[in-house]
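> this is a predicted model, with the sequence first.
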Amino acid sequence: MTVLAAPTLRAYFAERLDLAARDSGQDLEPEARIYLLDMLVRYAAPDVLVDLDRPLAWLFRDAVEEPDRARRFERFRTLGDVALVRGGFLPEDLEGEGVPESYVAELGARGYLGASALRRERIGVGGPYEALGRGFRRALRLLTWVREDPETGTPVEIVRVFEAYQRGRSPRAARRLSRLGLVPVPGDGKIH
């Protein structure tokens with residue numbers, strides 16, 4: 001097990017991203033990686049309210065239909081962020097709801113590419129959003145590595161994964177429980 005001691009949340013996530021990039025062989029362009037780090041810190045803040053339960057299709061519709069360009073940019077960016085957070089940190093929940101990773105990746109990529117196009121129209125470059133849109137699946141895999149420590153899990157995470165398994169008998173949740181040393185027993189809803 002790797003123990004990380006970090007003076008700030010930003011330092012913690014930076015170290016987790018470094019380890020994830022090294023261990024997974026996945027990485028992003030520097031500008032996209034910095035954005036991802038900023039997003040992780042932003043979403044971890046206790047005062048940030050983001051509706052992670054809102055369907056991605058509704059977020060996409062809201063972005064496409066938004067007449068104000070600045071708000072449309074924010075809505076596209078939020079769509080990409082929410083898809084990354086849900087797909088990278090809550091994949092068992094999505095799978096339990098019957099939402100395939102390919103759907104999350106498609107809408108997340110569209111969100112970032114939409115934000116990129118609006119940014120490019122305004123200042124001439126797409127910035128990190130273009131790289132995140134083109135490399136959305138890579139960013140998703142990187143976040144999954146940030147979230148998971150294959151040797152251990154926090155008690156809260158173990159309970160969350162087990163609850164996701166109970167709701168939908170998710171194969172991904174079963175594999176995660178197995179890596180944690182817990183074996184789901186079909187039929188009785190328990191783990192051993």
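Right, received. Where do you want to start? Numbering: from 1, shown residues only.
> longest helix in this structure, please.
helix 101-123 (DSSP state H).
> starting at the chain centroid, how far to the next helix or strand after it?
Next along the chain after helix 101-123, taking DSSP states H and E as the criterion, comes helix 128-134. Centroid separation for helix 128-134 versus its chain: 14 Å, with Cα atoms, centre = their mean, to the nearest Å.
> next: stretch 85-94.
Distance, centroid of stretch 85-94 to centroid of chain: 6 Å (Cα atoms, centre = their mean).
> ok, now stretch 7-16?
17 Å.
> give me the buried positions along that stretch.
In terms of neighbour count (16 or more other Cβ atoms under 10 Å), stretch 7-16 has its buried residues at 12-14, 16. For the C-beta atoms, the positions are set from N, CA and C on the backbone; glycine is no exception.
> so which of these would you say is closest to Val125?
Among those, Ala14 lies closest to Val125 (Cβ to Cβ), at 24.2 Å.
> so how far is Leu140 from the closest one?
19 Å (Cβ to Cβ, to the nearest Å).
> and Ala57, by the same measure?
According to Cβ to Cβ, Ala57 stands 18 Å off from Leu140.
> quick one: least confident of the buried residues of stretch 7-16?
The member of the buried residues of stretch 7-16 with the lowest pLDDT is Tyr12, at 81.
> quick check: next helix or strand after the helix or strand hosting it?
Element membership of Tyr12 [criterion: DSSP H and E] is helix 9-24. Downstream of helix 9-24, the next assigned helix or strand under DSSP H and E is helix 30-44.
> which strands and helices sit next to the next helix-or-strand element following that next one?
Where DSSP H and E defines the elements, the next helix or strand beyond helix 30-44 is helix 56-65. Packed against helix 56-65 by the contact rule (3 or more Cβ pairs under 8 Å, 6 or more residues apart in numbering; DSSP states H and E) you find helix 69-89, helix 101-123.
> and the first one, how far from the chain's centre?
Shown here is helix 69-89, whose average C-alpha point lies 11 Å from the average C-alpha point of the whole chain (Cα atoms, centre = their mean).
> got it, and the last one?
Mean C-alpha position of helix 101-123 versus that of the full chain (Cα atoms, centre = their mean) differs by 15 Å.
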